[in-house]
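Undergrad: Give me the fold of what follows.
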Amino acid sequence: MRALIIDDERLARDWLRRLLQAHPEVRIVGEAANLPEAVRAIESLAPDLIFLDVQMPGGSGFDLLAALDQVPAVIFTTAFDSYAMRAFDVSALDYVLKPIEPQRLAFALEKYQRTQGAPDTKQLDAAGKVFIKDGDRCWLVELDRIMLFESEGNYTRVFFDNERPLLARSLNQLEARLDPTRFTRISRSQIVNMRVVADMRPGIGGGMVLTLNNGLRITMSRRRAAQFKQMNRL
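TA: Below is the predicted model of the structure:
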């Protein structure tokens, strides 16, 4: 896994880097000491996992997550226990208090591996099916029936027919396997099946409002709308 350390304290970054030497499956691709650095590092390095402090110069760890278009898996590392509930509200994978202990870090990494599983690289065939298990219920769904994928932390909500099950796979993992000519990332949290889009209209602030065949309205972000228009010469 490719990991990024985000913490304004150099000693804290150094300590975490030393602890991670015991985990050869983790490759540290970079570090950041504040919010602007972190945004640039995530956009350029595309890590699978970030170790994120809460309080930093230039904005908090929560401000960082709100600023990202695509959010990696997150393990908070902080000296403050008062933010734990808020961390899990934004679907953080774990919340590790400083000083970080080796056993606690190992537990957090095991949780990441259980949640993420082995990454898939083969693209899903257009006529293929997706197996979804949510609790005791299972579905084998044709891609053509899927209208929308919506991120919920490290899981993805799948919209098809009248069903909305959770798939134990991140939106980023799904995006890597979906045909980009059929499925378009319209925001940091949604991928839409363009074949079920009935109408597209300009939205507020440069975005676009998409209406699906079932009447559901969703919003394409300004950046994604600009990319979409450029690619389609609109």
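Undergrad: For this structure, which segments are assigned as helices?
TA: Here the chain has its helices, by DSSP state H, at 10-20, 35-45, 61-67, 84-89, 102-116, 171-177, 222-232.
Undergrad: elements contacting the third one?
TA: Okay, so that is helix 61-67. helix 35-45, strand 49-52, strand 73-78 (3 or more Cβ pairs under 8 Å, 6 or more residues apart in numbering; DSSP states H and E). All C-beta atoms are positioned from the backbone trio N, CA, C, and that covers glycine.
Undergrad: How is this protein divided into domains?
TA: 2-116, 145-232 (automatic domain parsing).
Undergrad: and K133, which of the ones you listed is closest to it?
TA: Closest of the domains of the chain to K133 is domain 145-232, at 7.4 Å (criterion: Cβ to Cβ).
Undergrad: Spatially central residue for this protein, please.
TA: V71 (3.7 Å; Cα atoms, centre = their mean).
Undergrad: Next up, the contacts around that one.
TA: Applying Cβ atoms under 8 Å, 6 or more residues apart in numbering, we find V71 in contact with 65, 151, 188.
Undergrad: how does it look with 10 Å?
TA: Applying Cβ atoms under 10 Å, 6 or more residues apart in numbering to V71 gives the contacts 42, 50, 64-65, 90-92, 151, 153-154, 170-172, 188-189.
Undergrad: just to revisit the earlier point, which of the helices of the chain has the lowest mean pLDDT?
TA: Ranked by mean pLDDT, the helices of the chain bottom out at helix 84-89, with a mean of 71.
Undergrad: Look up how far R114 lies from P99.
TA: According to Cβ to Cβ, to the nearest Å, P99 stands 25 Å off from R114.
Undergrad: thinking again about what came up before, let's have the helices and strands packed on helix 61-67 in CSV, adding mean neighbour count.
TA: CSV is the format used below for the helices and strands packed on helix 61-67 (neighbours: other Cβ atoms under 10 Å):
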stretch, mean neighbour count
helix 35-45, 17
strand 49-52, 25
strand 73-78, 23
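Undergrad: can you list these in TSV and add distance to A225?
TA: Formatted as TSV, these follow (distance: least, Cβ to Cβ, whole Å):
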stretch	distance to A225
helix 35-45	18
strand 49-52	27
strand 73-78	27
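Undergrad: State the distance from A176 to Q70.
TA: In terms of Cβ to Cβ, A176 sits 11 Å off from Q70.
Undergrad: Could you pull out the residues contacting both of the two?
TA: Going by Cβ under 10 Å, 6+ apart, residues that sit against A176 and also against Q70 are S170.
Undergrad: what's the neighbour count on the nearest residue to I146 once chain neighbours are set aside?
TA: Closest residue in space to I146, ignoring its immediate chain neighbours: F160 at 4.7 Å, by Cβ to Cβ, 6 or more residues apart in numbering. Neighbour count for F160, taken as other Cβ atoms under 10 Å: 21.
Undergrad: What's opposite F160 in the beta bridge?
TA: Note on F160: beta-bridge partners by DSSP bridges are I146, E163.
Undergrad: Low-confidence regions, the protein specifically.
TA: 69, 88-91, 115-129, 131, 233-234 (pLDDT under 70).
Undergrad: try 80 this time
TA: Scanning the chain for pLDDT under 80 picks out the ranges 66, 68-70, 83-91, 114-133, 135-140, 154, 168, 231-234.
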